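J.: pasting the sequence and the predicted model now:
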Amino acid sequence: MKSLWILAQADSNTAQSGEVIEAVDVKQTTAVQQTPGDANSTCGNAPAHRGNPWIQMLPFILIIIVFYFFMLRGPQKQKAQQQQMIKNLKKNDRIQTVGGILGTVLEVGENEVTIKIDESNNTKVRIVPSAVGRVIEQK
C-alpha cells in the first residue's frame, strides 16, 4: 500500500511562511492481473515477434543507396563532364589549368594540349588534357 501526503500552503497574506494548512492521507491500491491466454502477456518460453526481415534491413539498404549516390555516382558524373569538356576543346579557347595557369589553346592532341600563356614572349606550355580545369571562354 502506498501513502501519499499532500501538504498545502495558504496565500502569504493569510498565513505565515511555512505554516501547514492541510495534510491529507491518500491511500491507493493497484492490482494488475494477467491471464495465461492474454494476448499481451509475456511468457519466458515464447519467442518474441520479430516482424518482416525486409523491414529490418531497410535502414541498411537506404544507407547503401545514399553511399552510392554520394560516394560513387558523384565522382563518375564529374569525370564524365571533365572528359566531355576536354573532348570539346579547340584552338583559341581560353582555359584555366588545375594549377591555376591561364592560357589560350594553340593545339589539341590526344595526349597533350599546347597552350600559350604569355603573349609578349610567346611562351607555350604543353600539358596533359586532364590538367585542364575549366574553359573560361570558347571561340
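T.: Happy to help now that I have it. Note that the coordinates shown come from a computational prediction; the quantities given were computed from them, not determined experimentally.
J.: how near is the residue lying closest to N92 once chain neighbours are set aside to G109?
T.: Nearest residue to N92, sequence neighbours excluded (CB to CB, 6 or more residues apart in numbering): K139, at 4.4 Å. Using the backbone N, CA and C atoms, a C-beta is placed for each residue, glycine as well. Distance, K139 to G109, using CB to CB, to the nearest Å: 19 Å.
J.: per-residue confidence at K87?
T.: Note for K87: predicted pLDDT of 92.
J.: ah, wrong one, I meant L4
T.: Per-residue pLDDT puts L4 at 55.
J.: so where is the chain shaky, pLDDT-wise?
T.: 1-49 (pLDDT under 70).
J.: tell me which stretches of it form strands.
T.: Remark: strands assigned in the chain by DSSP state E are 2-8, 22-28, 94-97, 102-108, 113-118, 123-127, 132-137.
J.: count of neighbours near V113?
T.: Close neighbours of V113, defined as other CB atoms under 10 Å, add up to 24.
J.: that one against V105, yeah?
T.: Yes: counting by CB atoms under 8 Å, V105 is a contact partner of V113 at 6.3 Å.
J.: overlap in contacts of those two?
T.: L89 (CB atoms under 8 Å, 6 or more residues apart in numbering).
J.: ok, the closest residue to L89 other than its chain neighbours - how many residues close by?
T.: The spatial neighbour of L89 that comes closest, neighbours along the chain excluded (CB to CB, 6+ apart), is V108 at 5.0 Å. By the criterion of other CB under 10 Å, V108 has 18 neighbours.
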